[in-house]
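**Student:** The sequence and its predicted three-dimensional model are supplied below.
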Amino acid sequence: MLSLRTIAFALATGLVAAQVQYHIDPESIDISTREYWCDNELATCPSICEQFEPGTTDVNTCEPETLDFRCICGNGLAPNMTEYTVTLPFHICQEWGNQCVTACGRNNACASACREDHPCGARDPSRPNATTTSGAPTSTSTGPSLATNGNFDNAGGDDNDDRDSAATVAVGRTYGLAIVLGTLFAGFAML
């Protein structure tokens, strides 16, 4: 019988293997499209920051030439923009899928894998006031923090921002896929 540690290790290994970073050459996209994407990003950042105390936005920038952006809320943390639609990471993921399909040519299996193995889209963002219960005593937090809240990336501005964002996307994608497949399996089981 498999132990809980073995199962946890297998799941963790699968999550690490599933990490994918979506990078596209900004020059491969028309400047007007990049400007539109940045307009979306600039409009979405304050809306997301309003959900977290103090409800303000400290930094909100987007460069259409390079597709670099920063969104830092008034609490000093950067929301995980991959959890939302109409953000720059969402648009980049969509375009990555488009370019992948184009590169596949007439290979339908390849084109299908581009979309199925690399889904883009919003997830249900975790709420900062959500609580969990376990058998062991835990501390309670009234606000978001880097260690306990999946809504935020590392806002320190270090060189690991892209890697951290990609890891968060991969974890969400993996859990989302597991939920979808589990739901499909349960649906067919009930037939």
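**Tutor:** Received, thanks.

**Student:** Now for Thr82, how many residues are close by?
**Tutor:** Neighbours of Thr82 under the rule other Cβ atoms under 10 Å: 26. C-beta here means a position set from N, CA and C on the backbone, and glycine is covered the same way.

**Student:** swap in Leu42?
**Tutor:** Other residues close to Leu42 by other Cβ under 10 Å number 16.

**Student:** Nearest spatial neighbour of it, chain-adjacent residues omitted?
**Tutor:** Spatially, and ignoring its direct neighbours in sequence, Leu42 is nearest to Cys62 (5.4 Å; Cβ to Cβ, 6 or more residues apart in numbering).

**Student:** Also Cys49?
**Tutor:** Cys73 (3.8 Å).

**Student:** pLDDT score for that neighbour?
**Tutor:** Per-residue pLDDT puts Cys73 at 96.

**Student:** Would you mind naming the residues that bridge with it?
**Tutor:** Beta-bridge pairing of Cys73 under DSSP bridges involves Thr57.

**Student:** do you know how far it is from Ser32?
**Tutor:** For Cys73, the distance to Ser32 (Cβ to Cβ, to the nearest Å) stands at 29 Å.

**Student:** okay, those two: which has more neighbours?
**Tutor:** Cys73 (27 against 9).

**Student:** show me what contacts the more buried one?
**Tutor:** Ile48, Cys49, Phe52, Thr56, Thr57, Asp58, Pro79 (Cβ atoms under 8 Å, 6 or more residues apart in numbering).

**Student:** How about the contacts made by the fourth one?
**Tutor:** When contacts are counted by Cβ under 8 Å, 6+ apart, Thr56 touches Cys49, Cys73, Gly74.

**Student:** Hmm, Ala78 and the first one touching each other?
**Tutor:** The one in question is Cys49. No: using Cβ atoms under 8 Å, Cys49 is not in contact with Ala78; the gap is 9.6 Å.

**Student:** Check the separation of the first and last residues in stretch 106-120.
**Tutor:** Using Cα to Cα, to the nearest Å, the end-to-end distance of stretch 106-120 comes to 22 Å.

**Student:** What residues sit buried inside it?
**Tutor:** The neighbour-count check on stretch 106-120 (16 or more other Cβ atoms under 10 Å) flags Ala111, Cys114, Cys120 as buried.
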